[in-house]
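[1] Pasted the sequence and its predicted model underneath.
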Amino acid sequence: MEAPLIGIARHRLTTDGDGVTTLVAFHGCPLRCRYCINDRCHDASKVWRTVTPEQLINEVGIDNLYFLATGGGVTFGGGEPLLYSEFIEAFATQCPPQWTINIESSLYVPRYHLQRVLPYVRAFLIDIKDTNPNIYKAYTSQDNLLALDNLRWLMQHDGMAERVTVRLPHIPHHNTADDIAASRELLTEMGVTKFDEFDYFEKSPHTPKNIL
Ligand code: SF4
């Protein structure tokens, strides 16, 4: 089993999970966000390399002592990491059990991907964009029913109020402070308690949390 990557970033602290983490970014995403944070994930020529779960464990294991000392581990992002749920499951079942596994996802994937990784994931960082279907469609080119249904399903599991953080971006020309407040209200009703509000930038679409 192999998966295509666009990058690996080591020694991240408190940006995408507890302790020291290594971000592993997969190629490929079903959405087409206007200010994509990693648009290399859409271009087949930008695949950096492919790895097996065993190769990746060996490679990121260079930071094993940091992971053990800080309660850190590996955060899978992208792109859309849940497209590689089988790979993540193989990684999680073979890596040292003390490593924490986190996922950064839009949840815009078939449910079975989420079901497959659920037993192994400590923290979910969900980029929900905006809960208004018209805003979501205009920004991502897709409908948001799938992502919201998956989030509802996820929040029904024990402990998710602590393990799920939902990112609520201000997206220039797409949503307003009132839209973000409406999203926050709906998500709170769904049981979400942890939010990360920040700004996307029109000309420089990278958010500091996702730069590789
Ligand atoms: S979900 Fe993330 S990787 Fe996918 S298009 Fe949107 S910003 Fe880019």
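    Ah, there it is. Residues are numbered from 1 along each chain as shown.

[2] Alpha carbons of the strand ranked longest in the chain, in CSV - could you do that?
    Ranked by residue count under DSSP state E, the longest strand found in the chain is strand 3-13. The C-alpha atoms that make up strand 3-13 are tabulated as CSV, following Å, rounded to 0.1, in the frame of the first residue of the first chain:
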residue,chain,number,x,y,z
ALA,A,3,0.1,7.0,-0.6
PRO,A,4,1.2,10.1,-2.4
LEU,A,5,2.5,13.0,-0.3
ILE,A,6,3.1,16.7,-1.0
GLY,A,7,5.2,17.3,2.1
ILE,A,8,6.3,16.5,5.7
ALA,A,9,6.9,19.2,8.3
ARG,A,10,8.6,18.3,11.6
HIS,A,11,8.7,19.8,15.0
ARG,A,12,5.3,21.6,15.0
LEU,A,13,4.3,22.7,18.5
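
[3] Counting by contacts, list what that strand packs against.
    Counting contacts by 3 or more CB pairs under 8 Å, 6 or more residues apart in numbering; DSSP states H and E, strand 3-13 packs against strand 20-26, strand 49-51, helix 53-60. For every residue, glycine as well, the C-beta is placed using N, CA and C.

[4] same question for that strand, mean pLDDT?
    Strand 3-13 comes out with an average pLDDT of 94.

[5] That strand: how far from the chain's middle?
    Relative to its parent chain, strand 3-13 has a centroid offset of 12 Å by CA atoms, centre = their mean, to the nearest Å.

[6] cool, and stretch 8-18?
    Centroid separation for stretch 8-18 versus its chain: 13 Å, with CA atoms, centre = their mean.

[7] What of stretch 30-44?
    With CA atoms, centre = their mean as the basis, stretch 30-44 stands 14 Å off its chain's centre.

[8] In the protein, what residue spans correspond to strands?
    Using DSSP E, strands in the chain cover 3-13, 20-26, 49-51, 73-77, 100-105, 123-127, 164-170, 194-199.

[9] Just the buried positions in the third one, please.
    For strand 49-51, the neighbour count (16 or more other CB atoms under 10 Å) marks Val51 as buried.

[10] and this protein, which of its residues are near the ligand?
    Listed as neighbours of the ligand in the chain under the rule CB under 6 Å from any ligand atom: 29, 31-33, 36-38, 41, 78-80, 106.

[11] Quick one, which of these has the minimum pLDDT?
    Least confident by pLDDT among the residues of the chain next to the ligand: that is Ile37, with 82.

[12] The nearest residue to Ala161 once chain neighbours are set aside - how many residues pack around it?
    Here the nearest residue to Ala161 in space, its sequence neighbours aside, is Thr193; by CB to CB, 6 or more residues apart in numbering that works out to 4.6 Å. If you count neighbours by other CB atoms under 10 Å, Thr193 ends up with 13.
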